[in-house]
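Model the following, please.
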Amino acid sequence: MDEKLKGYDEKMTKTMKNLGGELGAIRAGRANPHVLDRIVVDYYGSPTPIQQVANVSVPEARMIQIQPWEKNMLKVIEKAIQVSDLGINPTNDGSTIRLVFPELTEERRKDLAKDVKKKGEAAKVAIRNIRRDGNDAFKKLKGTEVSEDEIKDLGEELQKLTDKYIKEVDKEVEAKTKEVMTV
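Sure, this is the predicted structure:
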């Protein structure tokens, strides 16, 4: 791969990773510990992800169990989950916190599917913006030691990269939508 294209490929890969993280945080009926990824707690003055202060497990299909390594973290974790956008009330039994995920209603599934599509569209826009930036940069090469044919080839290669990543976004969105809509 041409050095000039490598940076754009890396940016598109980051966009895909970001989309994967966002889609992983959308809960689809089954308990997925990744829904906790964006929730941080105050651990001795520094914001820390829950997974770094507790053992997170999925003992049943629709339950996440959080067992803090330090007892004093129970209340802090419970509070962080309550104020998050998870929409689930944690139950605290004095040593562990349990999150029970209710069965999703048909309406909620449709809302989640729309959200998945919206995140997919945002990723596509980001990829197209990277392509536009690349094409702009290639046009600025005119008049340098790079020939017009090479500039045209770079543009075509960038378009192929863009098409590849757009297809990947579509695949991920379709898979997540299917997962969300499955009862």
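
so who does residue 84 touch?
38-39 (Cβ atoms under 8 Å, 6 or more residues apart in numbering). C-betas here are computed from N, CA, C, even on glycine.

and if you look at residue 98?
For residue 98, the residues meeting the contact criterion (Cβ under 8 Å, 6+ apart) are 63-66, 90-91.

cutoff 6 Å now
Residue 98 makes contact with 63, 65, 91 under the criterion Cβ atoms under 6 Å, 6 or more residues apart in numbering.

Who are the contact partners of the second one?
Residues in contact with residue 65, defined by Cβ under 6 Å, 6+ apart, are 57, 59, 96, 98.

what about it, which helix or strand?
Secondary structure from DSSP states H and E places residue 65 in strand 63-68.

Centre of the chain to that strand, how far?
Centroid separation for strand 63-68 versus its chain: 22 Å, with Cα atoms, centre = their mean, to the nearest Å.

buried set for stretch 69-82?
73-74, 76-78, 80-81 (16 or more other Cβ atoms under 10 Å).

no no, stretch 107-124
Those would be 109, 112-113, 115-116, 119-120, 123-124, for stretch 107-124 by 16+ other Cβ under 10 Å.

From the rest of the structure, what touches that stretch?
15, 19, 22, 26, 166, 169, 173, 176-177, 180-181.

Show me those that map onto helices.
In helices, defined here by DSSP state H, the members of the contacts of stretch 107-124 are 15, 19, 22, 166, 169, 173, 176-177, 180-181.
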